[in-house]
Structure formats: structure tokens, C-alpha cells
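A.B. asks: no FASTA, just this:
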């Protein structure tokens, strides 16, 4: 059995646009649209710290987490993935791709960062997204189906 905890962040701006990354992963031969996301549990950090770190690593921006989009659970056979997806807004920096060497160290392949209006992202076909999970998260964001950030609590064991 393989259990993974992932952290995702939908970054928005003052105009309510969404920042997406175009990313290639091993199971897809071409780069597709994705949100900022990564693994949790590799470092001594909270889920909130992991979300902030991923935004800095993948888009070069510092953000403030504003709300929780949701907790998404996927299972295929014995593999289980839980993803906490947050919504955040930029506090500092301009969205910038990490250099290729840094991406390789993190096993990433991000080729583009792009702002989308709600209308633009709504017009993207689900096949243009890296996964059906990402597509579902974007649909939830468009419906403004969000929760208070305090819905997630990090506690000591």
C-alpha cells in the first residue's frame, strides 16, 4: 500500500485570475496545465509551510494562504493519495519559472506559467489539464466552493 499526502495551491491575483503552470510528468508525453502542487512530509514543516514553499519553488512568488479549496482523496487499488488544496494570493515576487537545474533537482519539468481569467480557464477542455483531479479542483474554484483556512489544523503527535 502506498499513501501520499500532496499539497496544492491555487494562486489568484487582485483581478481574480488564476495562475497555472504547464508541466510534463512521466505518465503524460506532453506538458499540460496544472496548479502549484507538491509532496508533504519530506521536510520538517507544516502543511501550510509546504504550500508556501511549493509556490516559491515552482512560481518564484511569496503568497498568503486565504482559504481551503478542499481535501481531495483518490484511490486506485492499494494506492491512496490525499491532497489538501489551498487558495492563496501573491504578497511578493513576479511569477517566474525556476531554472532547469533547480527543476531537475526537484524532478520537475515546468515549461510555462500563465494567468487565466475565470472565463479563459472555464473554456479549457478537461484533457488540457494534467489530471482529472486538477480539473475537478479548478471546477470547484470556479464554483467558489471554498472553506475557511481554519478548517485545517496542524497538531503535534
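C.D. replies: Noted; the coordinates are in hand. The structure displayed is predicted, hence computed values, not measured ones. Residues are numbered from 1 along each chain as shown.
A.B. asks: Report how many residues lie close to the residue nearest to residue 25 when sequence neighbours are not counted.
C.D. replies: Among residues not flanking residue 25 along the chain, residue 130 sits closest, at 6.5 Å (C-beta to C-beta, 6 or more residues apart in numbering). (C-beta placed from N, C-alpha, C; glycine too.) Look at residue 130: counted by other C-beta atoms under 10 Å, it has 21 neighbours.
A.B. asks: Same check on residue 120?
C.D. replies: By other C-beta under 10 Å, neighbour count at residue 120 equals 13.
A.B. asks: Over to residue 6?
C.D. replies: The number of residues near residue 6, taken as other C-beta under 10 Å, comes to 20.
A.B. asks: How about the helix or strand hosting it, which residues are buried there?
C.D. replies: Assessed by DSSP states H and E, residue 6 sits inside strand 2-12. Buried residues in strand 2-12, defined by neighbour count with 16 or more other C-beta atoms under 10 Å: 6, 7, 8, 9, 10, 11, 12.
A.B. asks: Dump those residues into a markdown table; add pLDDT as well.
C.D. replies: Putting the buried residues of strand 2-12 into a markdown table (pLDDT from 0 to 100) gives the following:
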| residue | pLDDT |
| --- | --- |
| 6 | 94 |
| 7 | 96 |
| 8 | 97 |
| 9 | 98 |
| 10 | 98 |
| 11 | 98 |
| 12 | 96 |
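A.B. asks: out of all of them, which helix in the protein is the longest?
C.D. replies: When the chain is scanned for its longest helix (criterion: DSSP state H), the result is helix 47-59.
A.B. asks: for whichever helix or strand comes after that helix, what is the average pLDDT?
C.D. replies: As assigned by DSSP H and E, the chain's next helix or strand after helix 47-59 is strand 62-76. Averaging pLDDT along strand 62-76 gives 95.
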